[in-house]
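1. 3D model of this:
(2 chains)
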Amino acid sequence: MLAIAISGLASGAIYGLLAVGVVLIYRSTKLVNFAQGEVLMLAAYVYWLTEQRFDRLWGVVPVIVVGVILGGLFFVVTHYLIRSTDDLTVVVATLGISLMMINFAQFTWGGTARRVPGWLTGDENVRVGDGVVSMNSLVLIAIAVLATVALDQWFKRTVLGQAVRAAAESPESAALSGLSVRRMRAISWVIGCAFAALSGLLLAPEINVYPHMAGTILFSGFVAAAIGGFGNILGALVGGLFIGLMEGLSTVVVDAELARLVPFALLLAVLLFRPTGLFSGRALRSV
Amino acid sequence: MSGSSRFPSFLRVPAQGLALSAVAALVVVLLDPFQQVFAARVAILIIVAISLNLLISGAGLLSLAGGAFLGMGAYSVTIAAQQFSWPLVVSIPVVVVVTGLIGWVLGIVSIRVSHFYLALTTLGFLTLFQVVLRYGGDVTGASYGLVPPLPQVFGYTLRAQDLAIVAALVASFGVVFARSFLDSRTGLAWRLMRESTVAAESFGVNVTLIRTSAFAWTAAALALAGSLYAFVLGAVTPDSFNLTRTIDQLVYVVVGGLGSVAGSVLGPLVLETIPEVFRGLENYREFFFGALVLVILIASPRGLAGLLSDAWQRIASPRVRAAVRKLGDSGLTIGGQADPGVLLEPLPLGALDGVAAVEYRGVTIAYGGNVAVDDLSFVVRPGTIHGVIGPNGAGKTTALNALTGQVGLVSGQILVNGEVVRSPGGGVPTRKLLRHGIARTFQTPIVIPDRTVLENVKIGLYPFGKSGIIGGTLKPPRVRRSEAEAARRAVAALELVGFEREVSAPVSQLSFGELRKLEIARALVSEPSVLLLDEPTSGLEPEVASEILSMLRGLQAKASRPLTIIIVEHNVPLILRYCDDVTAIAEGTLVASESAATIRHNPEVRRSYLGEQFEMEELEREESQRHA
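-> Residues are numbered from 1 along each chain as shown, chains lettered A, B, ... in the order given. Reported below is the predicted structural model:
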């Protein structure tokens, strides 16, 4: 039971990391990035490539670099190349990019699933209660929590972090006080994609590396963001851990197919009582 | 509306559908059997794209449940034929109606959520549908799905060509009906709801009803497409209707062009055809598909339809363009007598003698624990222009929003023409205010940017029109007459506010000052007795601002019955110059409410708003210049 809870929390931590990126980018640009899952996938491939030639501990460097570069690319495409005022058009453009990324991985590295060792822990497993979990899944949960808390503190304590927040909350007044809103948006894209890349590094050892590995994980990330109130990065992480845990525990009583409904059941329950999510201070409504 | 009447007007829309079907059928007959199957597929995807476009762009409801409704159509018709031997002529109508009802229920369930949350709620619905399919055992064939029997109608087996013709026919009527609907009264209401639910409510739109009916109608259309799709696919599996397929369909809509019916034809056509042409590149198919999507959207943010209309603008000579624009307003007699046969409902009654037009009686409003407006009482005399002034955060807009129903009262009453329209926990719903003769504008103009001036002003008559979805789409003579009457009144209202541009110009081309005038015309078109203006001069050049206020002064001289105008403003000198009476509010409480002539000498008002050095003489000199 404890093992199941831990592996549930581990997938929840992945949802949470993706949700943090989604929320960060959404808050600052009002765009939802549908290619977030494919950033995860490419980062996982980069880890696999690095791990073959160098010490696997170095893997984190190219992984984060890839996240940063992809974030920059997405920023350029969504803010300079697509001149649409309609958010949905830009969102569909990110969908187009995600298809290209999956197909790129397919014809470059083939469809075979690639096995990789855990980044810090190798192939070590550990007994908990009556089950076994990978050491990596424990590291995964810890890193997700640490990274998100660090990001939250960065937003609250540093000048740059506060500037990014200010530009997201009221672009007009931020621009009036001399901030480059564009630069702040670029930073949000970069950090958001770096988080997705980090989740790729951590997820790869758990489910192997293949072009469609992100699958519908991103949608669980969306639900996590929604449960967390879609504006709060700690909320997004908690939302992710929560649905991961519930999903994991529900596989004890129902099979995996039915467990897919768990995030939505939770979302519906949350929307019923708090239409704006669990952790949102301000309402996100359409007026 | 061109006036050429080769067909009786009640047949014009169906005749267009028949003509387009005939052309489409002709094309199908010329194709080889392989291409006919492909054509049937594209035709069905066109129906799907049109339905999704109406829902997403028309009503602003981003739904991911499309695949579920399409799948319900496909699976239900297959199951009915295979397991119950129902003939198609019975099963298809039943399936379409039942799926429409399910769409309606989904609309009700998701009534409180919007945007991102709506997308996720509808995704949950799609996931539920997928789970039901996979757990359906022999009924749904689980993961393997079902193979539908050969389609038969009255003993005749439909071949690929017949299926393609039927699909092309449905798609053709879909195109004609969707275009006609988007121009109709209800189509405009859907579109305004996408811009703002508050604005839609203010113009009499029942947002709840529209949302649920938008879901119901598009679900029914998707089910119809799905019931044909089953036979075209030859097998129905859960994966034919999963999230990936649903997102593909969304991509068709956006790449074709949001809000454009032509785009929803082009999207599936181009995105399905191009990969077929490059079949040799099978391994890179998705890469090219993604790249194609990206290239089209970079080249034209409004998709293929935008690309096409830009090209048309460049090619067509100015004369052709002028002729095209003229179609919009031909056949209208501006300022003529009302057609006695029109089917607009009677407009609201005017003010009664000796009764205050608007009266606030001890109104208190609180947000959470903060009292925003405290025991506010004042009277607005009928037929006057009444200014409400106060510093930012004084509660001016809150007081106005209380009258229009966006915020509730803690205590007190608001009366309009002697009738209580607001009291704690009750009052006239926002969408009924126009019927009570209360019209408003917004602090930031809320219009439909991609529609014409005329269409935007016609929305002001929404509650007095009668045509619904079916009437608005088929446009029988009575609907055409009432639409023409609405257009005539809209033109008259635009003249009244001194709007000088072509009425068929798209609103996106207007200046900010013209938008303000358009909003006032839209509020005036129903001849209200009370007109509420929320900061009508903010964001305007001083000359344009005075032009608008002097226009308002002129309106009252022209009105056939007393018109009361309430202006919430921060431009105090302008208010003092043009208003009859002024109410000053500070920190949610009343400072003074008296005539503009006396309030300017009120010491408290002078101190708070005008500043000690404010030169009254200067104001008066300007005024005398204005009269000269």
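2. Pull the number of nearby residues for the closest residue in space to residue A:123 that isn't next to it in sequence.
-> Computed as CB to CB, 6 or more residues apart in numbering or on different chains, the closest residue to residue A:123 that is not its neighbour in sequence is residue A:117, at 5.3 Å. Placement of C-beta: from N, CA and C, glycine included. For residue A:117, the count of nearby residues is 17 (other CB atoms under 10 Å in any protein chain shown).
3. Hmm, residue A:117 is touching residue A:52, no?
-> No: with contact defined as CB atoms under 8 Å, residue A:117 does not count as touching residue A:52 (10.9 Å).
4. show me what contacts residue 220?
-> Just so you know, I chose chain A. Going by CB atoms under 8 Å, 6 or more residues apart in numbering or on different chains, residue A:220 touches A:11, A:15, A:18, A:240, A:243-244, A:247, A:263.
5. looking at chain B here, not the other one
-> B:96-97, B:99-100, B:103.
6. Kindly report the same for residue B:420.
-> B:413-414, B:427.
7. Neighbouring strands of the strand or helix carrying it in the sheet, and parallel or not?
-> For residue B:420, the enclosing helix or strand under DSSP states H and E is strand B:419-423. Here strand B:419-423 has these sheet partners by DSSP bridges: strand B:411-416 (antiparallel), strand B:426-427 (antiparallel).
8. Tell me which other helices or strands the strand or helix carrying residue A:272 touches.
-> Residue A:272 is located in helix A:262-273, with elements delineated by DSSP H and E. In terms of contacts (3 or more CB pairs under 8 Å, 6 or more residues apart in numbering or on different chains; DSSP states H and E), helix A:262-273 is packed against helix A:217-227, helix A:233-253, helix B:115-135.
9. ok, now with 6 Å
-> On a contact count with 3 or more CB pairs under 6 Å, 6 or more residues apart in numbering or on different chains; DSSP states H and E, helix A:262-273 meets helix A:217-227, helix A:233-253.
10. ok, back up a step: kindly present the contacts of residue A:220 as TSV, with separate columns for neighbour count, distance to residue B:153 and pLDDT.
-> Shown next, in TSV, are the contacts of residue A:220 (neighbours: other CB atoms under 10 Å in any protein chain shown; distance: CB to CB, whole Å; pLDDT from 0 to 100):
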residue	neighbour count	distance to residue B:153	pLDDT
A:11	24	50	92
A:15	31	49	94
A:18	32	49	95
A:240	32	52	94
A:243	28	48	92
A:244	26	51	93
A:247	21	47	90
A:263	29	43	87
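11. Now the two most distant members of those.
-> Across these, the longest distance by CB to CB is 14.5 Å; it joins A:18 and A:247.
12. Could you report the distance from residue B:465 to residue B:292?
-> Note on residue B:465: its distance to residue B:292, by CB to CB, to the nearest Å, is 42 Å.
13. whoops, residue B:538 was the one
-> In this view, residue B:538 and residue B:292 are 44 Å apart by CB to CB.
14. Who has more neighbours out of these two?
-> Between residue B:538 and residue B:292, counting by other CB under 10 Å, residue B:292 is the more crowded of the two (19 against 15).
15. what's the closest non-adjacent residue to residue B:461?
-> Counting by CB to CB, 6+ apart, residue B:461 lies nearest to residue B:486, which is 4.7 Å off, once chain neighbours are set aside.
16. What of residue B:23?
-> For residue B:23, the closest residue by CB to CB, 6+ apart turns out to be residue B:172, at 7.8 Å.
17. Would you check that the one you found makes contact with residue B:22?
-> No: in this structure residue B:172 lies outside contact range of residue B:22 using CB atoms under 6 Å: 8.4 Å.
18. Look at those two and report which has more neighbours.
-> Using other CB under 10 Å as the criterion, residue B:172 and residue B:22 rank with residue B:172 on top: 24 against 13.
19. Contact partners for that one?
-> Neighbour list for residue B:172: B:17, B:20-21, B:24 [criterion: CB atoms under 6 Å, 6 or more residues apart in numbering or on different chains].
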